[in-house]
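In: Structure here, sequence nowhere to be found:
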DNA sequence: CCATTTATGAAATGATCGTTACATAAATAG
DNA sequence: CTATTTATGTAACGATCATTTCATAAATGG
């Protein structure tokens, strides 16, 4: 190892962390190359040599986000030993991660590329796929709750997962609008109050 | 009336509707002047003469949205004769308006300017204020439910309003990701299942 | 008919966009 | 040492950005 030519003068991972934070704060389209190079402390040729392009850099920033904050948030559903606990942990970790001081608020994956612009279809569909995958993973965890007897057979786990994912996506916007951790936890607890009514088979009403 | 100079050759309202749809689809920053002028069928000088600037045009587009779709959605809370019916009507109208064929999905006010970029603070804070105002209006309607005896005294109407607004904001993202009307209605009904538990004073738990 | 006012289309403005050429610097291989 | 390889900083690239200039067109007022 230890390549042949002149060694890189910056820390690649550290620069990627900075790029992630900038994209997270300003969005893909709202971030300019000047934002990136000045924020990462490197020149444009170094950025292109190390990351390929602005779009490739964004992909790697998303991958880093998914592997860190995203992993903490969505990993909570596999840590809990009940389906309810999975949703609770997922939403509570969301409230935490969406509101840390010194970090952009909300979720990079949810807030990025919500609009269809000219050359965005690729990135946009990749992010849509990630969000769908997360929903499917939650539904799969809930389905295990049927197997264990925690949830009654016939529970619509897709509906359940979609509802809680929708709440979590709304929490991204609430965080962007200034909601603090306690407020988001309150939203999470409110959503969890629907758990009982939602996990009885066809029992309706207000 | 009927001004002095050469008459305008396009319909101002009709052009504004087109501008609204373009901004709604592509966002403020994702929309270029070429997008606007070609979509509206007018030249740039005509746009500037009629609307002032891209930013001013966006403001007028938002105002139009608020006065039309926004009015249908948020007006539902004043049409219902119960607090529950207000929330129900608001969410069901949301599911309808967010998913109409031929129209951009989700909400123009919610999806626009979620990121802080260079010259966006003004627009962004205006939209944040609109979202806050909507939440406050819903809370005020819920507070009337306490007066009428529908809701127990001490009901935290701010918490209740914030929860349902969060769900509705999540529905914007779900709509952008392709959810259809029936799916969003299902999300709405799921959220409404929390109504009972949320409107009892301090009665906790799963 | 002429002066004034407003609107339009074409073209240009300077600024900024993402990206790259190029000369130079700093490392290793022989 | 020289040759090769990779990284860096400066400065440019063409494209596109929002906005404006300008000449011309189409209306009204006198």
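Out: Sure thing, it's come through. Computed from a predicted structure; not experimentally measured. Numbers count the residues shown, from 1 in each chain, chains lettered A, B, ... in the order given.
In: Just want the residue of chain A that's nearest DNA strand D.
Out: Going by C-beta to the nearest atom of the strand, DNA strand D is nearest to residue A:5 of chain A, at 1.7 Å. Placement of C-beta: from N, CA and C, glycine included.
In: Okay, that residue and DNA strand C: tell me how far apart.
Out: Going from residue A:5 to DNA strand C by C-beta to the nearest atom of the strand, to the nearest Å gives 5 Å.
In: mind checking pLDDT for that residue?
Out: pLDDT, residue A:5: 95.
In: residues near it, how many?
Out: 5 (other C-beta atoms under 10 Å in any protein chain shown).
In: secondary structure class for it?
Out: What DSSP: H, G, I helix; E, B strand; the rest coil gives for residue A:5 is coil.
In: so how far is residue B:16 from it?
Out: Residue A:5 sits 57 Å away from residue B:16, going by C-beta to C-beta, to the nearest Å.
In: Over to residue A:129?
Out: From residue A:129 to residue B:16 the distance is 35 Å (C-beta to C-beta).
In: ditto for residue A:183
Out: Relative to residue B:16, and taking C-beta to C-beta, residue A:183 is found at 36 Å.
In: And residue A:166, by the same measure?
Out: 31 Å.
In: More neighbours: the two, which one.
Out: Shown here are residue A:166 and residue B:16; by other C-beta under 10 Å, residue A:166 has more neighbours (28 against 18).
In: In three-state terms, label the more buried one for me.
Out: Taking three-state DSSP as the rule, one finds residue A:166 in the helix state.
In: Find the nearest non-adjacent residue to it, please.
Out: Nearest non-adjacent residue to residue A:166, counting by C-beta to C-beta, 6 or more residues apart in numbering or on different chains: residue B:170, 3.7 Å away.
In: mean confidence score for the helix or strand where the one you found lies?
Out: Assigned by DSSP states H and E, residue B:170 belongs to helix B:157-176. Mean pLDDT, helix B:157-176: 98.
In: what helices or strands is it leaning on?
Out: helix A:157-176, helix A:181-192, helix B:83-97, helix B:108-111, helix B:121-147, helix B:181-192, helix B:195-198 (3 or more C-beta pairs under 8 Å, 6 or more residues apart in numbering or on different chains; DSSP states H and E).
In: I'd like the ones you listed as CSV, with distance to residue B:73 appended.
Out: Output for these, formatted as CSV (distance: least, C-beta to C-beta, whole Å):
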stretch, distance to residue B:73
helix A:157-176, 15
helix A:181-192, 20
helix B:83-97, 5
helix B:108-111, 10
helix B:121-147, 9
helix B:181-192, 12
helix B:195-198, 19
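In: Quick check: residues of chain A near DNA strand C?
Out: Counting by C-beta under 7 Å from any atom of the strand, the residues of chain A close to DNA strand C are A:2, A:4-7, A:31-34, A:44-45, A:48, A:53-55.
In: need the residues of chain A near DNA strand D, please.
Out: Residues of chain A found near DNA strand D (C-beta under 7 Å from any atom of the strand) are A:3-10, A:42-46, A:49-50, A:118.
In: 6 Å instead, please
Out: Applying C-beta under 6 Å from any atom of the strand, we find that chain A lies next to DNA strand D at A:3-10, A:42-46, A:49.
In: mind showing which ranges of chain A have poor pLDDT?
Out: Applying pLDDT under 70 to chain A flags residues A:1-2, A:202-206.
In: ok now stretch A:13-24, how far from the chain's centre?
Out: What separates the centre of stretch A:13-24 from the centre of its chain is 15 Å, taken as C-alpha atoms, centre = their mean, to the nearest Å.
In: buried ones in it?
Out: By neighbour count with 16 or more other C-beta atoms under 10 Å in any protein chain shown, stretch A:13-24 contains the buried residues A:15, A:16, A:17, A:18, A:19, A:20, A:21, A:22, A:23, A:24.
In: Output those residues in a markdown table, with secondary structure appended to each entry.
Out: Listed next are these as a markdown table, based on three-state DSSP:
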| residue | secondary structure |
| --- | --- |
| A:15 | helix |
| A:16 | helix |
| A:17 | helix |
| A:18 | helix |
| A:19 | helix |
| A:20 | helix |
| A:21 | helix |
| A:22 | helix |
| A:23 | helix |
| A:24 | helix |
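In: Backbone dihedrals for the residue of chain A closest to DNA strand D, both of them.
Out: Torsion angles at residue A:5 (phi, psi; degrees, to the nearest 10) stand at phi -70, psi -160.
In: re earlier: please convert the buried members of the residues of chain A next to DNA strand D into PyMOL selection syntax.
Out: Remark: buried members of the residues of chain A next to DNA strand D, expressed as a PyMOL selection using 16+ other C-beta under 10 Å:
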select buried, chain A and resi 42+46
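In: Using a markdown table, lay out the residues of chain A next to DNA strand D together with distance to residue A:187.
Out: Formatted as a markdown table, those follow (distance: C-beta to C-beta, whole Å):
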| residue | distance to residue A:187 |
| --- | --- |
| A:3 | 49 |
| A:4 | 54 |
| A:5 | 52 |
| A:6 | 51 |
| A:7 | 48 |
| A:8 | 44 |
| A:9 | 45 |
| A:10 | 40 |
| A:42 | 39 |
| A:43 | 43 |
| A:44 | 42 |
| A:45 | 45 |
| A:46 | 42 |
| A:49 | 44 |
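In: so what's residue A:170 up against?
Out: A:187, B:165, B:166, B:167, B:168, B:169, B:170, B:171, B:173 (C-beta atoms under 8 Å, 6 or more residues apart in numbering or on different chains).
In: If we use 6 Å, what do you get?
Out: Each residue near residue A:170 by C-beta atoms under 6 Å, 6 or more residues apart in numbering or on different chains is listed here: B:166, B:167, B:169, B:170.
In: Leaving out sequence neighbours, find the closest residue to the second one.
Out: Think residue B:167. residue B:191 (4.4 Å).
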